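K.L.:
Give me a 3D structure for the following:
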Amino acid sequence: MPTGLDQETQQESKAIDLALLDRWQHDFPLVPHPFQVIASELGLREREVLERFQTLLANNAISRIGAILAPNTVGASTLAAVSVEKVDLDEAVRLINMEHGVNHNYERDHAVNLWFVVTATDEAELDASLARISSRLGKDVFDLRLERPFHLDLGFSIAGRPEDSLVKRRLRPANASMIEPDDREVLAALQDGLPLVFRPFHEIGRHAGRSEADVLARLERLSQAGVIRRFGVVVKHRTLGFGANAMVVFDIADEDVDAVGERLSHVPGVTLCYRRRRASGWPFNLYCMVHARSRAQAEPVIERLKRLTGLTRRDMTVLFSTRCFRQRGPLLGAKQRDSGS
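P.N.:
Take a look at the predicted model:
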């Protein structure tokens, strides 16, 4: 049975982990020894910070430390969905995940039940990737391409209240003209996350054929340009207790959708908000994501969204995720491969 001292030590250790998770989702130090900077701020040793991040990664609390890119600035991507019979679900997931560029794949509690993100080097390769998936499944796939982001940050407090969880930051337009030809090699070396070593950017440079200083300069430039939306810890929200993941979709008249999207993006508890292309059989064009610890905690946020859309809303539906089959960063290597061939 743990003593009072043991419990106090455990609580202190948990507090340190929460600080690492909360504070460093944004503004991760782009310096040669980033873990030393973090250690100094928290009053820890550099090695302890590294070991804690290694443990968080091993325990599936984080997926990586790395760059979150503005959509469709480096390569192309889309949200896709398909309706699959329950008995065929596992096979459908296997066929979808064969595709090299699929980096997210979720089951949601709706007739359109498989939702996945497909990434590619360019629009032509993205079209080809979707065609391969559709052919394997023998089904039409909804291609719901992003038209305008209102909030795409997805950094939220693990320790705070769900309604205060979103880190609200002004969404600057990405300046894609700042992307240089060799940036892709650096970002590709980062796609699995920053190596958890004392000089991680040196290691990234070694893989990308660049100096440490060059890597840091490129990441700083892309961050300033808004191509990198944030650089930091990417948490696994389910592992950390955020088990209710709701995608709330609305059918809003085209002339009203941008004003409504701007309004909904500021609602506490909304972690993403964006306008997407409609599809035949899927009339929805405005999407909000709500992450909460339970459905009961998500419902007040959803009700507020419902009230705010008011008379502009022609239809809406709520899709809670039930299973996650894949969650990783986008693949930015050389030309996407047809993994199913």
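
K.L.:
contacts and neighbour counts: CA atoms only from here.
P.N.:
Will do.

K.L.:
in the longest helix along the chain, what's buried?
P.N.:
Ranked by number of residues, the top helix in the chain under DSSP state H is helix 4-23. Under the neighbour-count criterion of 16 or more other Cα atoms under 10 Å, helix 4-23 has 16-17, 20-23 buried.

K.L.:
Go through those residues and say which is closest to P200.
P.N.:
L20 (17.1 Å; Cα to Cα).

K.L.:
quick one on the thing from earlier: now, which of the buried residues of helix 4-23 sits nearest K306?
P.N.:
Relative to K306, the closest of the buried residues of helix 4-23 is D22; by Cα to Cα it sits at 29.4 Å.

K.L.:
how about the strands of the stretch 51-200 of the chain, start to end?
P.N.:
62-69, 76-82, 102-108, 114-120, 142-144, 146-151 (DSSP state E, counting those that start in this stretch).

K.L.:
what does the second one rub up against?
P.N.:
By Cα atoms under 8 Å, 6 or more residues apart in numbering, the list of residues contacting strand 76-82 from outside reads 71, 112-123, 126, 139-146.

K.L.:
Distance from the chain centre to it, please.
P.N.:
14 Å (Cα atoms, centre = their mean, to the nearest Å).

K.L.:
Could you tell me the angle between that strand and strand 114-120?
P.N.:
Angle between the axes of strand 76-82 and strand 114-120 is 160 degrees (criterion: axes from the mean of the first three to the mean of the last three Cα atoms, to 10 degrees).

K.L.:
Can you say which of the contacts of strand 76-82 are buried?
P.N.:
Going by neighbour count (16+ other Cα under 10 Å), the contacts of strand 76-82 have 71, 112-122, 126, 141-146 buried.

K.L.:
quick one on the thing from earlier: mind putting the buried residues of helix 4-23 in CSV, pLDDT and distance to F325 included?
P.N.:
Converted to CSV, the buried residues of helix 4-23 look like this (pLDDT from 0 to 100; distance: Cα to Cα, whole Å):
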residue, pLDDT, distance to F325
I16, 94, 30
D17, 93, 26
L20, 94, 26
L21, 92, 23
D22, 89, 25
R23, 90, 28
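
K.L.:
need the contact list for K139.
P.N.:
By Cα under 8 Å, 6+ apart, the neighbours of K139 are V82.

K.L.:
Got phi/psi on it?
P.N.:
Taking degrees, to the nearest 10, you get phi -140, psi 150 for the backbone angles of K139.

K.L.:
just so I have it, where are all the helices in this protein?
P.N.:
Under DSSP H, the chain gives helices at 4-23, 34-42, 46-58, 89-97, 123-137, 183-190, 200-208, 212-224, 257-265, 295-309.

K.L.:
any chance of these in a markdown table, with distance to G241 too?
P.N.:
A markdown table is the format used below for these (distance: least, Cα to Cα, whole Å):
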| stretch | distance to G241 |
| --- | --- |
| helix 4-23 | 13 |
| helix 34-42 | 24 |
| helix 46-58 | 14 |
| helix 89-97 | 25 |
| helix 123-137 | 32 |
| helix 183-190 | 27 |
| helix 200-208 | 29 |
| helix 212-224 | 30 |
| helix 257-265 | 23 |
| helix 295-309 | 12 |
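
K.L.:
between those helices, which gets nearest to G281?
P.N.:
Nearest of the helices of the chain to G281, taken as Cα to Cα: helix 123-137 at 16.0 Å.

K.L.:
now that closest one and strand 102-108, what's the angle there?
P.N.:
Going by the same axes, to 10 degrees, helix 123-137 makes 50 degrees with strand 102-108.

K.L.:
Next, the angle helix 89-97 makes with helix 123-137.
P.N.:
Using the same axes, to 10 degrees: helix 123-137 against helix 89-97 is 150 degrees.

K.L.:
Now do the buried residues in stretch 27-34.
P.N.:
For stretch 27-34, by 16+ other Cα under 10 Å, it's 28-34.

K.L.:
between those, which is nearest L187?
P.N.:
Out of these, the member with the shortest distance to L187 (by Cα to Cα) is L30, at 14.0 Å.

K.L.:
Quick check: can you list the domain ranges of the protein?
P.N.:
The chain breaks down into these domains under automatic domain parsing: 4-71+171-235, 79-85+93-121+144-168+238-327.

K.L.:
between those, which gets nearest to R132?
P.N.:
Closest among the domains of the chain, using Cα to Cα: domain 79-85+93-121+144-168+238-327, at 8.1 Å.
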